[in-house]
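Novice: With the sequence up front, the predicted model follows.
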Amino acid sequence: MTVRRSGWPASLLLCAALVASAVPAHADDARPSPEGFGLPSVTPRAETAALFDDERGGHADADDPAIWRDDTSPGRSLVVATAKEGGLRVYDLAARRIQSVPAPPPPASGDAPGRFNNVDLLHGVRLPNGRADLAVVSDRGHDRLRFYRIDRDRPGGPLVDVTDPAAAPIFSVDQEEINEGRTAYGLATWTDRSTGRSYALASRNDSTAVALLEVVVRPGGTVGYRAVRTLELPASFRLPDGTSWTPCGEPGELPQVEGMVVDPANGMLYAGQEDVGIWRVRSDLTGAPVLIDRVREYGVPAAYDEESDECLPSGADPGFGGEHLSADVEGLTLLTEPDGDGYVLASSQGDDSFALYDRELGDDNEYEGGFRVTAASRRLDGSEECDGAAVLNAPLGAAYPNGLLVVQDGHETPVEDGREATDFTFVDLGEVLDAIDD
């Protein structure tokens, strides 16, 4: 889970929590946001078993999901999700785990272990033994991409590692640099409809860099990649009053990107720079990036405090921030509709909400609304501090005939033995569409 580096002091957060607790709770009420109680709520149908980021839990920390549809039997579709040092988890539509894939070990004693951060899918990739769907993972621990062929009926689990063992680091020059942790982080995949070539976009931890990589199938059937180009997003910003603003972070850290998604209809990449907002740029990383929305904290002076290991406000809010996102901007996914319309969906981690933006470039990706995922019962909670999200607007059997939204929950409740836990929450997409249409 991303630790929010720019935020308000704990005392202010506690004050806000006390105010919220004084408000009567109703099933249809949303949690308070800076604009009030305007967002509708939806409730989950299912959630996975808790993941624990400690030695007893295998250092497993839920982060990012992807939804794979079984076209021949949609009710047997799968959710593939990252668990960081815990590797990959594969779930059925009842949120039951059917496979666990460990992250690779460190290459040598003292080196960083594998750490799976984000996952995305490629469909119909031509392998030597036929076409296959692939789960693609950013291995933050080793600064590489990893590829897994999806075979729903394979004994032992549907994922098979087909990663080229000679795949090189994406950003680092050697193992020493990999161990420093400025490695592959966010991920989005896409296939160019005009050429049939598949690509991955990987962002870099603690950096503004996004790399474009062409996916390459080797003669032996393994899958690797080659670097095409890298884009550096801004790290500092000129504000309307003529001053300059740099998002706060630990010394040496730049405002990174994690959540990313490509719209195949127009070839645009949407990238969430966590402490800044959402960028739109061509997915081949050419052309000028456009900032389509800003976080509320945009332009707010803040300074890193070593004692608390947090960024604390150091001046008044100049009022240049956006209205719909609270840092961090996290999981981005594409909600398509049969008529070609739809939304770019983003996790607004700072206020536990989700924001929707029009896909149409002619509307300049106008904000269309938002919602929250709140508890259905004491045992089936909602989503807080969401890191990752995936949506599929297609029938998935009897369980989800209207499609499925899967979101990470950064605070699984109730806790077990006081341990912090995360999980993945499954929501009927029909309920989400009804909520945002009302």
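Specialist: In hand now; what should we look at?
Novice: so where's the stretch 301-438 of the chain uncertain?
Specialist: Applying pLDDT under 70 to the stretch 301-438 of the chain picks out no residues at all.
Novice: What ranges does it have for its helices?
Specialist: Along the stretch 301-438 of the chain, counting by DSSP state H, counting those that start in this stretch, helices occupy 429-437.
Novice: which strands and helices sit next to the helix or strand where residue 224 lies?
Specialist: If you go by DSSP states H and E, residue 224 is part of strand 223-232. Counting by 3 or more C-beta pairs under 8 Å, 6 or more residues apart in numbering; DSSP states H and E, the packing neighbours recorded for strand 223-232 are strand 209-217. Yep, even glycine has a C-beta here, placed from its N, CA and C like the rest.
Novice: Outside of the strand it packs on itself, which residues are in contact with it?
Specialist: Residues from elsewhere that reach strand 209-217 (C-beta atoms under 8 Å, 6 or more residues apart in numbering): 122, 125-128, 136, 145, 147, 164, 170-171, 184, 186, 189, 197-204, 223-233, 257, 260, 269, 271, 283-285.
Novice: of these, buried ones?
Specialist: 122, 125, 136, 145, 147, 164, 170-171, 184, 186, 189, 198-204, 223-225, 230-231, 233, 257, 260, 269, 271, 283-285 (16 or more other C-beta atoms under 10 Å).
Novice: List the ones among those residues that fall in strands.
Specialist: Assigned to strands by DSSP state E, the following of the buried ones among the contacts of strand 209-217 qualify: 122, 125, 136, 145, 147, 184, 186, 189, 198-204, 223-225, 230-231, 257, 260, 269, 271.
Novice: returning to what we had before: the helix or strand following the strand holding residue 224: partners in the sheet, and parallel or antiparallel?
Specialist: Of the helices and strands lying after strand 223-232 in sequence (DSSP H and E), the nearest is strand 237-238. Next to strand 237-238 in the sheet, as set by DSSP bridges, lie strand 244-245 (antiparallel).
Novice: contacting residues around the partner strand?
Specialist: So strand 244-245 is contacted by 236, 237, 238, 239, 298, 299, 301 (C-beta under 8 Å, 6+ apart).
Novice: ok, now which ones touch the first one?
Specialist: Contacts for residue 236 (C-beta under 8 Å, 6+ apart) come out as 244, 245, 246.
Novice: Go again with 10 Å.
Specialist: 208, 244, 245, 246, 247, 254, 255 (C-beta atoms under 10 Å, 6 or more residues apart in numbering).
Novice: ok, residue 89 - contacts?
Specialist: With C-beta under 10 Å, 6+ apart, residue 89 has these contacts: 48-49, 51, 60, 62, 65, 79-83, 97-101, 116, 159, 423-424.
Novice: again, but for residue 156
Specialist: Counting by C-beta under 10 Å, 6+ apart, residue 156 has contacts residue 99.
Novice: For residue 101, see how far away it is.
Specialist: 11 Å (C-beta to C-beta, to the nearest Å).
Novice: what do you get for residue 182?
Specialist: Going from residue 182 to residue 101 by C-beta to C-beta gives 25 Å.
Novice: just residue 163 next, same as before
Specialist: For residue 163 relative to residue 101 (C-beta to C-beta), the value is 11 Å.
Novice: Then residue 217?
Specialist: 21 Å.
Novice: again with residue 55
Specialist: 20 Å.
Novice: out of these two, which sits in the busier spot?
Specialist: residue 101 (21 against 7; other C-beta atoms under 10 Å).
Novice: Before we move on, what's the pLDDT of that one?
Specialist: Looking at residue 101, its pLDDT reads 98.
Novice: Between residue 163 and residue 101, which contacts overlap?
Specialist: What both residue 163 and residue 101 touch, as defined by C-beta under 10 Å, 6+ apart, is the set 137, 146, 148.
Novice: Can you get me a residue count around the second one?
Specialist: It refers to residue 146. 26.
Novice: for the last one, same thing?
Specialist: Each residue near residue 148 was counted by other C-beta under 10 Å, and the total is 25.
Novice: ok, now which ones touch the residue nearest to residue 68 when sequence neighbours are not counted?
Specialist: Nearest non-adjacent residue to residue 68, counting by C-beta to C-beta, 6 or more residues apart in numbering: residue 78, 4.7 Å away. By C-beta under 10 Å, 6+ apart, the residues touching residue 78 are 66-70, 90-93, 98-99, 135, 150, 152, 158-159, 396.
Novice: now do residue 160
Specialist: 101, 132, 134, 135, 147, 148, 149, 150, 151, 154.
Novice: Could I get these in a markdown table, plus columns for distance to residue 306?
Specialist: Formatted as a markdown table, the contacts of residue 160 follow (distance: C-beta to C-beta, whole Å):
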| residue | distance to residue 306 |
| --- | --- |
| 101 | 38 |
| 132 | 49 |
| 134 | 43 |
| 135 | 40 |
| 147 | 40 |
| 148 | 41 |
| 149 | 46 |
| 150 | 45 |
| 151 | 50 |
| 154 | 50 |
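Novice: In strands, which of those appear?
Specialist: 101, 132, 134, 135, 147, 148, 149, 150.
Novice: Right, I'll leave it there.
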